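Chemist: Return a 3D structure for these sequence lines:
(one chain, ligands or ions: 4)
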Amino acid sequence: MRIDVGQKSVTIHEFTVPADSDEDRIADRWERDMVRVWNNQYGATETIGPAFFGKDAAGNYDDKEERDPDSPPGNPAADTDGGRNLPPHKTQGDSLTVAQEYRGLVLDGGGFDGRGRGGHAGGHVRLSPVFKEYLWEVDIMAQPDPPAPQYPTPRGGFVALLNAVAADYSDQTGATGLPAPRATGRGAGIHVYWVIDDTSMIHGVFGAPVNADRFAALYRHPLLSSEFVHVLFVDDHRGRAGLRGVSQGYSLIFMRKIANAVSS
Ligand SMILES: [Ca+2]
Ligand SMILES: [Ca+2]
Ligand SMILES: [Ca+2]
Ligand SMILES: [Ca+2]
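Modeler: Ligands and ions are numbered 1, 2, ... in the order given. As a prediction, this is how the structure comes out:
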């Protein structure tokens, strides 16, 4: 911004507005970059320009990640990115529009590619219209007082566990370099990101049958409830012995049951 005062001209602040030739409020440069990534990932030849990720004829933003994360449409035998040739998902798209992906989110971690690279260190990050993202709201139950060694903290802490699980979701080589919760190379080409919301949920042991609806609702972050899956790391329950987790609109992970299964 320049202000003229008499003979003098003072530059107060210079700023640039990213070019947006198709006026979809997404910078052309980002759209071009993403088309290159798309062509590379799906063996496609889309024109490098702002149209591909622009609004459709009805004025809506796309949500069109391919079903098969590493094959051209109609050619599942071809593998575009090395490693394993991953099977297709059930649906196209990840429920996030290109506009939401461009705007991005403030997230705590995740975002590994198929080789365990590119992990997000925390803070704002743009998402991808090429890869599917899977977003988690993570809550962690506090230790009882006094602490119970039977309610284990994962080796390296919960962030190390989240890193390993997130890398596993995208892993296509079995060699992500991150600790694996199981035999790897069996990922789905999906990029998991998370927000750690609460690290001291009140301690308790669930009864039988396990019903945690009210508990989960108490810790659900209202701003995250539309797009984030609610993942709760908790201690224990008195239900069926082999039950290590429950998924019923939210996911409970029983750390004591998992520790018992691993050590026995
Ligand atoms: Ca999308
Ligand atoms: Ca592959
Ligand atoms: Ca494939
Ligand atoms: Ca996406």
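Chemist: Let me see the contact set for Gly242.
Modeler: Lys257, Ala261 (C-beta atoms under 8 Å, 6 or more residues apart in numbering). Glycine gets a C-beta too; all of them are placed from N, C-alpha and C.
Chemist: how much space is there between it and ligand 4?
Modeler: 35 Å (C-beta to the ion, to the nearest Å).
Chemist: In which helix or strand does that residue reside?
Modeler: Per DSSP states H and E, Gly242 falls between elements, in no helix or strand.
Chemist: which residues of the stretch 51-200 of the chain score low on pLDDT?
Modeler: Under the criterion pLDDT under 70, the flagged ranges of the stretch 51-200 of the chain are 175-185.
Chemist: what residues does it put near ligand 3?
Modeler: Asp68, Asp70, Ser71, Asn85, Leu86 (C-beta under 5 Å from the ion).
Chemist: Of those residues, which qualify as buried by neighbour count?
Modeler: Asp68, Asp70, Ser71, Asn85, Leu86 (16 or more other C-beta atoms under 10 Å).
Chemist: picking up where we left off before, let's have the residues of the stretch 51-200 of the chain next to ligand 3 in a markdown table, adding secondary structure and distance to ligand 2.
Modeler: Below are these laid out as a markdown table (DSSP: H, G, I helix; E, B strand; the rest coil; distance: C-beta to the ion, whole Å):
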| residue | secondary structure | distance to ligand 2 |
| --- | --- | --- |
| Asp68 | coil | 10 |
| Asp70 | coil | 4 |
| Ser71 | coil | 8 |
| Asn85 | coil | 5 |
| Leu86 | coil | 6 |
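Chemist: Going by distance to ligand 3, which of these wins?
Modeler: Closest approach to ligand 3 among those (C-beta to the ion): Ser71, at 3.4 Å.
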